[in-house]
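Enquirer: coordinates only, no sequence provided:
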Ligand SMILES: Nc1ncnc2c1ncn2[C@@H]1O[C@H](COP(=O)(O)O)[C@@H](O)[C@H]1OP(=O)(O)O
Ligand SMILES: [Mg+2]
Ligand SMILES: [Mg+2]
Ligand SMILES: [Mg+2]
């Protein structure tokens, strides 16, 4: 398949997944949320979305899958497994429970070199539970490079400039072909590009959850660069906001190695919109090391201000 064709396929799959998660966000029940080993939440929607996307990709372009979730918890909880199966079957009539569980378990691929899908079915599950921002994040990685990517952001306003803005967009990108925003309410698409701001005119985004990255270190950088207050938001929607020029910088200074599904899809969207994504020493990221990036602290910028951010980080109190 050509890159443009792959990208259209990804867009179609992620639009379907947005429909599924929007429905589930509105109807989610307390007993449909579990806590994982690291105390982070996972819901019926995370499982259903990963299974649906894996099965749709199997029909169109089957490849190994590096996915966040697997079927272990569902194999121990028949009631929840039945619900997940029911939600997936609405999109894929006739699919069996075992096919759904098997699709989830195939998300355990180790990554590394080679060609595979990378999927975070719901990035920002805490935001999803707060009825705030979350993203469906999918990309295709070949030998560490990302070829195509799509970020579904069902709750993201189409434009922050418009107080009456409809919500829901999908950012999609293909290597060398740029980044496009699709608006879910009317199907309109337009190419997006990072802004060209720096210094006091520039703004930044960071995690809503202060446990996910260091808001205090971000504030030190912002002070040095004289940036205004941050916009806080869950999930890889932040990469989309940067890609369309509604922020100039996304800071993610953390001390926990990042999973590739948390970074790769969003990073591709920003790079194809003209921006830059590196670790805090300015080194580009590679996605061939396995299921994690091997980098805890990173940032994405409009490119214009990348050097000054690197200098501010180098001069920061540790
Ligand atoms: N303690 C943590 N440190 C860093 N990232 C975390 C932590 N707990 C959850 N995450 C992940 O942080 C991301 C949330 O994005 P953000 O912090 O930018 O809002 C998600 O990828 C989430 O995974 P998940 O996909 O399970 O929601
Ligand atoms: Mg999670
Ligand atoms: Mg995530
Ligand atoms: Mg997730």
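Expert: Received it, and whenever you're ready, just let me know what you need. Predicted model only: the values in this text are computed from it and were never measured. Ligands and ions are numbered 1, 2, ... in the order given.
Enquirer: tally of neighbours for the residue of the stretch 201-318 of the chain at minimum distance from ligand 3?
Expert: Closest residue of the stretch 201-318 of the chain to ligand 3, CB to the ion: residue 262 (4.2 Å). In short, each C-beta sits where N, CA and C put it, glycine included. Residue 262 has 21 neighbours, counted by other CB atoms under 10 Å.
Enquirer: immediately after the helix or strand encompassing it, which helix or strand?
Expert: For residue 262, the element it lies in under DSSP states H and E is helix 260-272. Following helix 260-272 in sequence order, the next helix or strand is strand 276-279 (DSSP H and E).
Enquirer: following that next one, which helix or strand shows up next?
Expert: Using DSSP H and E, the helix or strand that follows strand 276-279 in sequence is strand 298-301.
Enquirer: run the chain-centre distance for that next one.
Expert: 14 Å (CA atoms, centre = their mean, to the nearest Å).
Enquirer: show me what that strand packs onto, helices and strands only.
Expert: For strand 298-301, the elements it packs on are helix 237-243, strand 249-252, helix 260-272, strand 276-279, helix 306-314, judged by 3 or more CB pairs under 8 Å, 6 or more residues apart in numbering; DSSP states H and E.
Enquirer: who does the residue of the chain found nearest ligand 3 form a beta bridge with?
Expert: Relative to ligand 3, the nearest point of the chain is residue 123 (3.6 Å; CB to the ion). Residue 123 has these beta-bridge partners by DSSP bridges: residue 135.
Enquirer: how close does residue 308 get to ligand 4?
Expert: 32 Å (CB to the ion, to the nearest Å).
Enquirer: got it, and residue 89?
Expert: From residue 89 over to ligand 4 the distance is 22 Å, taken as CB to the ion.
Enquirer: helix or strand next in line after the one helix or strand that residue maps to, which one?
Expert: Secondary structure assignment for residue 89, by DSSP H and E: helix 78-91. Note on helix 78-91: by DSSP H and E, the next helix or strand toward the C-terminus is helix 97-105.
Enquirer: so what does residue 194 look like in phi/psi?
Expert: phi -70, psi 160 (degrees, to the nearest 10).
Enquirer: how about it, nearest residue that isn't a chain neighbour?
Expert: Excluding the flanking residues, the one nearest residue 194 by CB to CB, 6 or more residues apart in numbering is residue 302, at 3.9 Å.
Enquirer: residues touching residue 153, list them.
Expert: By CB atoms under 8 Å, 6 or more residues apart in numbering, the residues touching residue 153 are 133-136, 168-171, 235, 237, 240.
Enquirer: for residue 208, see how far away it is.
Expert: According to CB to CB, to the nearest Å, residue 153 stands 14 Å off from residue 208.
Enquirer: just residue 315 next, same as before
Expert: Counting by CB to CB, the gap from residue 315 to residue 208 is 27 Å.
Enquirer: just to revisit the earlier point, of the helices and strands packed on strand 298-301, which is nearest ligand 1?
Expert: Closest approach to ligand 1 among the helices and strands packed on strand 298-301 is made by helix 260-272 (3.9 Å; CB to the nearest ligand atom).
Enquirer: quick one: name the residues of the stretch 1-150 of the chain near ligand 3.
Expert: 120, 123 (CB under 5 Å from the ion).
Enquirer: where is the longest strand in this structure?
Expert: Assignment by DSSP state E gives strand 145-157 as the longest strand of the chain.
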